[in-house]
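**Student:** pasting a predicted model and its sequence here:
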Amino acid sequence: MQKLWIGFVAFLCLIPASTAQSQRVGAEANLRYSEQVSNGPTGTCGCFGMFGAAGDFYLNIKHFREGKQAAVGVVTDIGYEHTGNVNGAGYGLSLTTATWGPRLVFAPVGKVRLFAQGLVGLAHGSGSQFPQNNGLVASANSVAFDLGAGGDYSMNKRISLRFLQADYMRTELPNNVNNWQNNLRLGAGITLHF
């Protein structure tokens, strides 16, 4: 976990140097409603749904071919999803994630602009039951990996509608089997451009 934080700090230190070399710097903030489908816990069947909110902050680092407006930058994504009952297990789960990494923004087609990203960070599960040291604890932490893509529909120069963002997220919270979970998070919301 300590190596992950060291990597994050080093990554943040590179942003100002890269940004200074860019001719056009832009940023955007997104807030969206999200629904997530996650693995069922040991001893239950299937998957379960969670609901919440997520948001991200994107900082453009470099445009490719200025006229086409394709770009690469860095993004920080924070999400919170909750369920009161994990698939009939008798307890709930609150999952908070904070991930960061690169985002590739493709040149717009009409008013639609697509992006893809690969992020890494932390996950915190709480209000649940996690096996640890031959007992159960109410919260646990793990690394989180997030591969995602989405699209924005431009309303004007300052506001876009994020009509879809889909993220595959892998977490490694303790579960007495393999200590990993597959999560699919879908969201939609509003994006502000600066």
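**Tutor:** That came in fine, so what should we check first?

**Student:** which residues touch the closest residue to Ser128 other than its chain neighbours?
**Tutor:** Nearest residue to Ser128, sequence neighbours excluded (Cβ to Cβ, 6 or more residues apart in numbering): Leu93, at 4.2 Å. In short, each C-beta sits where N, CA and C put it, glycine included. Applying Cβ atoms under 8 Å, 6 or more residues apart in numbering, we find Leu93 in contact with Ser38, Met50, His82, Thr83, Val86, Gly125, Ser126, Gly127, Ser128.

**Student:** next step: the residues you listed restricted to strands.
**Tutor:** Among those, the members falling in strands (DSSP state E) are Ser38, Met50, His82, Thr83, Gly125, Ser126.

**Student:** now render those as JSON lines, adding neighbour count.
**Tutor:** Shown next, in JSON lines, are the ones in strands among the contacts of Leu93 (neighbours: other Cβ atoms under 10 Å):
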{"residue": "Ser38", "neighbour count": "22"}
{"residue": "Met50", "neighbour count": "22"}
{"residue": "His82", "neighbour count": "16"}
{"residue": "Thr83", "neighbour count": "20"}
{"residue": "Gly125", "neighbour count": "22"}
{"residue": "Ser126", "neighbour count": "16"}
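
**Student:** among those residues, find the lowest-pLDDT one for me.
**Tutor:** Checking pLDDT across the ones in strands among the contacts of Leu93, the minimum falls on Ser38 at 88.
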